[in-house]
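Asks: sequence plus the predicted model coming up.
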Amino acid sequence: MYPRCCLPSLLLGSLMLLTLYSGAVVSAQVAQEQGNETTTQGNGQVRNKSIKAFPVVTIDFSHVRPPFVVALWILLASVLKLGFHFLPKLSTIVPESCLLVCVGLIVGGLLKTVGETPPILKADVFFFYLLPPIILDAGYFLPIRPFTENLGTILSFAVIGTLWNAAFVGLLLYAVCQIKGSGLEHISLLPNLLFGSIISAVDPVAVLAVFEEIHINELLHILVFGESLLNDAVTVVLYHLLEEYFHTPAIGAKDVILGILSFFVVALGGVLVGVIFGLIAAFTSRFTSRIRVIEPLFVFLYSYMAYLCSEIFHLSGIMALIACGAVMRPYVEANISHKSHTTIKYFLKMWSSVSETLIFIFLGVSTLAGEHHWDWTFISCTLMFCLVGRVLGVLGLTLILNRFRIVKLTPKDQFIISYGGLRGAIAFSLGYLLSDSFPRTLFLTAIITVIFFTVFVQGMTIRPLVELLAVKKKQESKRSINEEIHTQFLDHLLTGIEDVCGHYGHHHWKDKLNRFNKKYIKKCLITRERSKEPQLIAFYHKMEMRNAIEMVASGGLPKFPSSVSIQTVQRRGTFTERLLPTLSKEREEEVRKILRENLQKTRQRLRSYNRHTLIADPYEDQWNQMLLKRQRLRSFDPRMSVHLTVPSAARGSIPGQKLGAESDATYFESRDPTSNTPMITVDLASKEPLVAQKKDAVDREDKGIVFIAGTPVNDESGSPSQRMHRFLSDPGPDNKPDDHLQS
Amino acid sequence: MGSYSSHLSKIEDLQGIIQETGFSKAHICRLHDRFEELDKSNNGELSREDFQRIGELAVNPLGDRIINAFFPNAKQTLDFRSFVRILATFRPTVKDKSTNPNAPEPINSRINKMRFAFQLYDQDRDGKISREELIQVLRMMLEAQVTNDQLESITDRTIQEADLDGDGAISFEEFRKSLENINLEHKMSIRFLQ
């Protein structure tokens, strides 16, 4: 079956390549033609050529060329990504990054045979356009809790580990270079150290690309990933430092101290810039309630500005991005609508996915683009020292760290951490930026070799190794409300016990930070009505929303929260028919007809189309009311709220009403007799035909108001409908586990 | 704060405590210092007032419950040994491969940590967390920022998720099951007590 599937994508892919090729050729021709024209005009300008008829069709490729090529590349990348998923066997063995590099190699080869110079991954393009989306995606969705819990470990791997790697590789390579007869004596100590610092940094893009597919447990993922993010500061400092030193004749102790100082400035400065922009973004989002369409734009722009601002001062842009994303997220999410949240999520994922694809393809293309200087000793030694250095570094650090960690790192963990030290495009770009006073081509060749080795060999083998070693995998289950409650409970408990011990530990400071946050910061940065909402309530609402969406998406038939439904339904044999009444076809049709008619009326009320306001989703009202009704049910009837656990005795007492209030295809009358708003009550369990019921309700109506309940529910924590509005998203539930709920 | 050995001599049955709880001598010394610091009346025992005097505990939403945990069965005073025993529950767990299957379970094992947490929920000690008990805990944690409706909805939802045998309350087994994804050894350990 799948040959048929991949055939169209292959065809499409080759079509793209052909277009590219032809585009290149055409551009060359057009350039030639233009050259001809100018020469003829220059020579015999008066001599008009035979009067041309008005050109009905012209080809003018040159003025579209730059955006056309860019768009074509991105399209090619996306089509390829699509194509890979039609080859399931291949994508389980070979990680996507490898395939993309291979494709890059093929494309580069094709372009070379055509005679065009293949585009090289320019450092500017990489650092300004390709890298930020990936890092922002990582920073915005960073799981804060595991990150802060393991911060000490992550920092020591990032800083000490990288320094150790750089020193190890640099010094040993220098030693190798000094060996007579290797032909490398001209490379002195500093270039070697510089090379070591470039090659020693673990690359976040590569780590993300590979680790995402193996679904490893959260601890290991956050350790390797966090390290790859935070070592940027070290890399930046070392790179600039060593480049500076190369041009100064003598290095004294003062320079070393300045170097160490600059490390702190770079790292902390980057974080500070990120935090400032994050707070500004959070503050801005407080006021965006009137024009929700541009909310995502603020998130993206402020983060990008943070990145660029920190690049002005040569601070660590990656740390700025991460800090900005992580700081702004809790406040922005409390302020923006659910639709904006979905938009942000999908845009970030989309951009980072495209960026990643492009980076790997360009890596392959650039390999064939530049010149290479292959030296067996240098390159093989580099590879060996990189691997050995990483392993030694991880082992040594873990020995020290395990004395301070509560959950120790097992040898299996250590192996995965050292094996997951992949190098990637950042090393390549940094190498590309080197000035010519260094043996650039040799370095570039070595860097590319190491990158290829880590991406291909380590990337391909890590999955079978993970299976072989039976490393714990990521738990796929969504966080339940139980876990949320118990986690908070335990936090308070541990803080209390720490106070009893008189020990100012982890929990104590976290608790203090939370209090400070709640008292001052939240008041400034979150819209007034939501600033008092505790995290548990927000979590609960999100769960309820998800259920409501699922319920409506499944056609309005009663449906229960996932974890409980099957078990309880199985247990309660007699209850089953009650709990899941199978609506007869006519009833279902009647319900649908009613809904349709009333919804049509709502839509007709929309007068004008305005680009700046989102069209009210007709389903939103319906969900709104459903949830309001559910809440009121629970307050009015205590028996109703005990759901499925109510003994059967209470069943018969309420005529026409169903137990199990989670299900809500039925709309119940409000018990409030004073309400006089028109209502439609559709009582499925009753014997009367539905149409009759609806009729007398409709007669009273004048407008197409649908399913309105009585007086709105209590208003202490902001009007519920407003809150609901914020949480509703467009239909099309996403099934990916919501990682941000884990904070 | 006094020399090491003079402290140790004040503690009765030091070896017994070390055996039972697994703390080292240095830790027990430190805890003894803390004990004496809290014991304002200097009679070698702690009372509830001593605990209530701890400032941070007063603002902790679960402060009262924690204090009650130290004084089980309506006891009014707490001696050093019980103090240490309760705190031993929060020692980081050490995965010991060579455990003697007949040896009594260490105080800081995962099960005992869970039991401690369970007892904080289950005030009337009937072995189940009933709906009212859960509502109380939630109210304490959410500190009157929520309405009763919301509290009840959340409680119902929680019980519904965790309750496997349908009795409307959470038993210890169900509690254990709902915590299986949480890394309890990490969450309920204090590094200080390692």
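Replies: The structure has been received and is ready for your questions. Numbers count the residues shown, from 1 in each chain, chains lettered A, B, ... in the order given.
Asks: next one: the residue nearest the centre of chain B from B:Lys40, what distance?
Replies: The centre of chain B sits closest to B:Phe116, judged by Cα atoms, centre = their mean, with a distance of 4.9 Å. Distance, B:Phe116 to B:Lys40, by Cβ to Cβ, to the nearest Å: 26 Å. Where you see a C-beta, it was placed from the backbone N, CA and C, and this is true even at glycine.
Asks: quick one: low-confidence ranges for chain B?
Replies: Within chain B, the stretches with pLDDT under 70 are B:1-11, B:94-105, B:107-108, B:144, B:192-194.
Asks: what segments of it are strands?
Replies: Along chain B, counting by DSSP state E, strands occupy B:46-47, B:77-78, B:128-129, B:170-171.
Asks: now do the second one: distance to the chain's middle.
Replies: It refers to strand B:77-78. When C-alpha coordinates are averaged (Cα atoms, centre = their mean, to the nearest Å), strand B:77-78 and its chain have centres 15 Å apart.
Asks: which elements pack onto it?
Replies: Contacts of strand B:77-78 with other secondary structure elements, assessed using 3 or more Cβ pairs under 8 Å, 6 or more residues apart in numbering or on different chains; DSSP states H and E, are made with strand B:46-47.
Asks: and if you look at the last one?
Replies: Contact here means 3+ Cβ pairs under 8 Å, 6+ apart; on that basis strand B:170-171 packs against strand B:128-129.
Asks: show me what the strand it packs on is packed up against.
Replies: Counting contacts by 3+ Cβ pairs under 8 Å, 6+ apart, strand B:128-129 is packed against strand B:170-171.
Asks: what's the strand it packs on in contact with?
Replies: Contacts made with strand B:170-171 from outside it, assessed by Cβ atoms under 8 Å, 6 or more residues apart in numbering or on different chains, are listed as B:121, B:127-129, B:134, B:159, B:162-163, B:165, B:178.
Asks: just the closest of these to A:Lys180, please.
Replies: B:Ser178 (68.7 Å; Cβ to Cβ).
Asks: wait, what's in contact with the closest one?
Replies: Counting by Cβ under 8 Å, 6+ apart, B:Ser178 has contacts A:480, A:482-483, A:486, B:161-162, B:170.
Asks: what about these, which one has the most neighbours?
Replies: Compared across the contacts of B:Ser178, B:Ile170 has the highest neighbour count, 27 neighbours, by other Cβ atoms under 10 Å in any protein chain shown.
Asks: what does the model give the residue of the stretch 1-150 of chain A found nearest chain B for pLDDT?
Replies: Closest to chain B within the stretch 1-150 of chain A is A:Glu149: 7.5 Å, counting by Cβ to the nearest Cβ. The predicted local confidence for A:Glu149 comes out at a pLDDT of 85.
Asks: again with A:Ser608
Replies: 56.
Asks: among the contacts of strand B:170-171, name the ones in helices.
Replies: Counting by DSSP state H, the part of the contacts of strand B:170-171 found in helices is B:121, B:134, B:159, B:162, B:178.
Asks: how about low-confidence regions in the stretch 351-500 of chain A?
Replies: Applying pLDDT under 70 to the stretch 351-500 of chain A picks out residues A:476-479.
Asks: try it again at 80.
Replies: Scanning the stretch 351-500 of chain A with the threshold set as pLDDT under 80 gives A:369-371, A:406, A:435-438, A:470-481, A:484.
Asks: which stretches of it form helices?
Replies: Under the criterion DSSP state H, counting those that start in this stretch, helices of the stretch 351-500 of chain A are mapped to A:376-401, A:411-419, A:425-432, A:440-452, A:459-469, A:481-501.
Asks: repeat that for the stretch 201-350 of chain A.
Replies: Taking DSSP H, counting those that start in this stretch, the helices of the stretch 201-350 of chain A run over residues A:204-214, A:218-247, A:253-285, A:295-312, A:317-335, A:338-369.
Asks: which residue comes closest to A:Leu190 once chain neighbours are left out?
Replies: The spatially closest residue to A:Leu190, leaving aside those adjacent along the chain, is A:Phe246, at 4.9 Å (Cβ to Cβ, 6 or more residues apart in numbering or on different chains).
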